[in-house]
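Q: Dropping a prediction and its sequence here:
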Amino acid sequence: MSTHSDVTSFAGMLSDGRSADAMRVEVSLSDKGLELRPPRSAGMWVWPYEELRCSVPLSAKAGDVLLSQQVEGAQTLFVAHPQFARQLLTHAPALSAARQRLLGLRPGLAVMATVLAATLGMWFFDLHPAQAVARVMPQPARAALGRNVVASVLKEHRVCETPASRVALDRLTQRLSAAAGRPLDVRVTLVDWKLVNAFALPGGQIILTRGLVQTAGSPDEVAGVLAHELGHALELHPETGLVRAMGLAAVTQLLLAGSAGTVSNIGLILTQLRYTRIAEHEADVHALRLLKGAGISHKGFGDFFERIDRLEGGYPPSQTGKRITDYEVIRTHPLTAERIAMVRAQPVYPSTPALSDDDWRVLRNGCGPAAAPVPPLPNVPTPVPASDADREIADATKALEANPNDVAALQKRASAYAKKRQQGLAIADFSRAIELKPGDAALHFGRGFAHQSERRYEEALRDYDEAIRVAPNHVGARNARGNTFRALKRYDAALGDFDHLVRFNPKFVAAYYNRALVLVDLQQTDDALRDLSAAIALDKDYAAAHAQRGLLYEKARKREEAIADFRAALAAPAKFESGAWAHRTARARLDVLEPGKP
């Protein structure tokens, strides 16, 4: 029975199930079915109640619902509202938990008597039935299922490894799994997939993608992600998710006979699973425990979160038809900021790199040589086209063939490699040039910047220190050293460098902006706003300064000031790599602050 307080329409996200695109829709419950209306459109779609499908048995108390249509299959509708599930069940009782459980139990009721005896109480008391079924799955069945899922994934993405990269990956896996405290049979497979992700599968099988390995800035970052997936394996999250996604009847079939048809289709299901926030938190806790037990710094784990947060622009765009993040669609993952805060709060302990330099190099090249993208650094010029850098490399190489000790040619080629983000080659050329000309501050600065781009911060600091020793007022080295100190959370040292720059050159706009970022980290909002305003006064087209100030205004609930800054950020050119971040952030926040406006 409805009440006067019942909601009559709900906000939903409609996905085509084949890409990362989704659109907002208004969802209403009519006598015929669910009515889905896109914004600013006169048309609508109707999903009849009898054609609705829900992979998870639906409870009236569910806070969110993920539906698909039996006819279409691929499309999914996500609605997050505390009243939606209750109202939907009045029209589509077949989706109820009780009805789904009964249908799932029928096919193998006799042969599943043992399983039911162990989980019957949990089913009736609504206490994690999927996890109960997952825990009574025999280990050989889990292992076989995991191998079959890997085989399913490999139909679309090839294994990419060399003998050396296989050894390196096994060495890292064994180091982490040995810290689990109990036997853990794990197999990690690196696949040629641009997606930046990793997947824990049943039976200790883990898929690691080329995109993740080549996006990570260090082996410690990969170790953190791998430890997180091991945490999922320890908690049997893949098996639990499989039960939720496929239903008890399908899993019963797999336990008893392992239908080839079913197995061939579950690879896609498992790689698209979205764990609950509780499950993600559990995996993070395990990851921190495994990293500490293995003597690998947890810093890389936090670095990877920050890297992904920057790549995604901090906030997801939300206009109809635009790309959105998993958080906006599913709303299950913990907020990245919360995860970073948890990792950063962990005490420091003795550690060594997750892999040696040689092992890290061969692992990254397991799928073929490729330079990993680095996160945007403040005030880094936008990279030149590859063709220009290639031309510079060719010219410098020709000069070096005639004279291997040509310092100018080494510096030119190193700078071109850095523009192409081939930092290892850049460091090699800078190092050779420094051997020939150790008193050149520009060479130390160039190598330091390459080290910083690779997040090899201590090595970067040594180079910047030497550059500043030779040339105390080297603006680039001091500015970059301040940014490096900030990355290491040595805030007093960072402020010292930026204070020096402001005194030495009061019109150096980047010093004000970078000092503001440190003050934001220290939560000194008023001082940060002062510096951002000073940067904008010197350069009204500084997109990142406008975007950052807009975020501070929004946090302070100064809506109009925030909107003005976000608009200014969008209007300003992206002169630095931070400009791309500024445009994404400003566009996303305006979508929230001014919904519906172009």
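A: Great, that's in hand.

Q: Between the two ends of stretch 154-174, how far is it?
A: Stretch 154-174 stretches 23 Å from its first residue to its last (Cα to Cα, to the nearest Å).

Q: Pass me the low-pLDDT residue ranges in the stretch 251-400 of the chain, would you?
A: For the stretch 251-400 of the chain, the stretches with pLDDT under 70 are 251-277, 309-337, 369-387.

Q: So which residues of it form helices?
A: 260-271, 277-294, 299-311, 326-330, 336-344, 357-364, 386-402 (DSSP state H, counting those that start in this stretch).

Q: in which helix or strand would I find residue 39?
A: Remark: residue 39 resides in no helix or strand, with elements defined by DSSP states H and E.

Q: burial measure for it, as a count.
A: Residue 39 has 13 neighbours, counted by other Cβ atoms under 10 Å. Glycine gets a C-beta too; all of them are placed from N, C-alpha and C.

Q: Leaving out the residues flanking it, which one is nearest to residue 485?
A: Counting by Cβ to Cβ, 6 or more residues apart in numbering, residue 485 lies nearest to residue 494, which is 3.8 Å off, once chain neighbours are set aside.

Q: In PDB, list the C-alpha atoms belonging to the one helix or strand that neighbour maps to.
A: Using DSSP H and E, residue 494 sits within helix 491-504. Below are the C-alpha coordinates for helix 491-504, written out as PDB (Å, rounded to 0.1, in the frame of the first residue of the first chain):
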ATOM      1  CA  TYR A 491      55.600  20.300   3.600                       C
ATOM      2  CA  ASP A 492      58.000  22.600   5.600                       C
ATOM      3  CA  ALA A 493      60.700  22.000   3.000                       C
ATOM      4  CA  ALA A 494      58.300  22.500   0.100                       C
ATOM      5  CA  LEU A 495      57.100  25.800   1.600                       C
ATOM      6  CA  GLY A 496      60.800  26.900   2.100                       C
ATOM      7  CA  ASP A 497      61.500  26.400  -1.600                       C
ATOM      8  CA  PHE A 498      58.400  28.200  -2.800                       C
ATOM      9  CA  ASP A 499      58.900  31.000  -0.300                       C
ATOM     10  CA  HIS A 500      62.400  31.500  -1.700                       C
ATOM     11  CA  LEU A 501      61.000  31.600  -5.300                       C
ATOM     12  CA  VAL A 502      58.400  34.200  -4.400                       C
ATOM     13  CA  ARG A 503      61.100  36.400  -2.700                       C
ATOM     14  CA  PHE A 504      63.500  35.900  -5.600                       C
END
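
Q: buried sites along it?
A: For helix 491-504, the neighbour count (16 or more other Cβ atoms under 10 Å) marks 493-495, 497-498, 500-502 as buried.

Q: how about the strands in the protein?
A: All strands of the chain, identified by DSSP state E, fall at 9-15, 22-29, 33-37, 45-48, 52-53, 64-69, 76-80, 187-191, 198-200, 205-209.

Q: Out of the ones you listed, the one nearest residue 547 is which?
A: Distance to residue 547, taken as Cβ to Cβ, is lowest for strand 22-29 among the strands of the chain, at 23.9 Å.

Q: just checking, what packs against that closest one?
A: Packing contacts for strand 22-29, counted by 3 or more Cβ pairs under 8 Å, 6 or more residues apart in numbering; DSSP states H and E, involve strand 9-15, strand 33-37, strand 76-80, helix 84-91.

Q: weakest of these by average pLDDT?
A: Lowest mean pLDDT within the helices and strands packed on strand 22-29: strand 76-80, at a mean of 78.

Q: ok and that one relative to strand 22-29, angle-wise?
A: Angle of strand 76-80 versus strand 22-29, following axes from the mean of the first three to the mean of the last three Cα atoms, to 10 degrees, is 70 degrees.
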